[in-house]
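Enquirer: Could you work out the structure for the sequence below:
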Amino acid sequence: MDSNSWIDYKIQVRERLKVFALNILELSNSLPNSERAHILNRQITRSGTSTYANYRAALRARSKAEFFAKLSVTVEEADETEMWLDLIIDSKISVSELAIQLHAESVEIIKILATMRKRLK
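Expert: Okay, here's the model as predicted:
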């Protein structure tokens with residue numbers, strides 16, 4: 001992949017993560033008002049939006065090493081988000097189509113980010 005294609009790809013990933021974060025916020029708004037839902041809601045909202053924020057920070061990195069480090073944090077946040085979605089679905093707090101779609105998307109995002117990280121090694 002040439003330099004311009006790599007830049008375009010990173011921008012496409014950024015936009016995908018933004019949509020993901022917005023959908024996490026939509027899911028957050030739809031979760032029931034129970035104690036256990038409230039706990040998971042806070043966690044998924046934090047990690048789901050943090051994935052986007054950390055990726056944006058990675059794009060502003062001053063070096064390849066800094067990009068790698070910030071991208072690694074992004075992978076961790078995406079993995080945590082997948083775990084919270086898994087708990088939300090398996091606990092039946094929400095088995096909505098949105099929750100299921102977001103879980104599938106989180107798995108794809110982890111694959112994309114992990115592959116990007118491998119490309120840097």
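Enquirer: Every contact and neighbour count from this point should use C-alpha atoms.
Expert: OK.
Enquirer: for this structure, which spans come out with low pLDDT?
Expert: Counting by pLDDT under 70, the chain contains no low-confidence residues.
Enquirer: Try it again at 90.
Expert: Where the chain drops to pLDDT under 90, the residues are 1-4, 6, 119-121.
Enquirer: all strands of it, in order?
Expert: With DSSP state E as the definition, the chain shows no strands.
Enquirer: how about the helices in it?
Expert: For the chain, the helices defined by DSSP state H occupy 3-30, 35-59, 64-90, 97-120.
Enquirer: Next, format those helices as CSV and append mean neighbour count.
Expert: Listed next are these as CSV, based on neighbours: other Cα atoms under 10 Å:
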stretch, mean neighbour count
helix 3-30, 16
helix 35-59, 19
helix 64-90, 19
helix 97-120, 16
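Enquirer: Residue 34: how many residues sit nearby?
Expert: 9 (other Cα atoms under 10 Å).
Enquirer: Who are the contact partners of it?
Expert: Taking Cα atoms under 8 Å, 6 or more residues apart in numbering, we find residue 34 in contact with no residue.
Enquirer: quick one: residue 68 and residue 116 touch, right?
Expert: No - shown here, residue 68 and residue 116 do not form a contact pair, counting by Cα atoms under 8 Å, at 9.0 Å.
Enquirer: gap between residue 120 and residue 71?
Expert: 10 Å (Cα to Cα, to the nearest Å).
Enquirer: go on, residue 21?
Expert: Noted for residue 21: a distance of 16 Å to residue 71, by Cα to Cα.
Enquirer: can you check residue 5 too?
Expert: Between residue 5 and residue 71 the computed distance is 18 Å (Cα to Cα).
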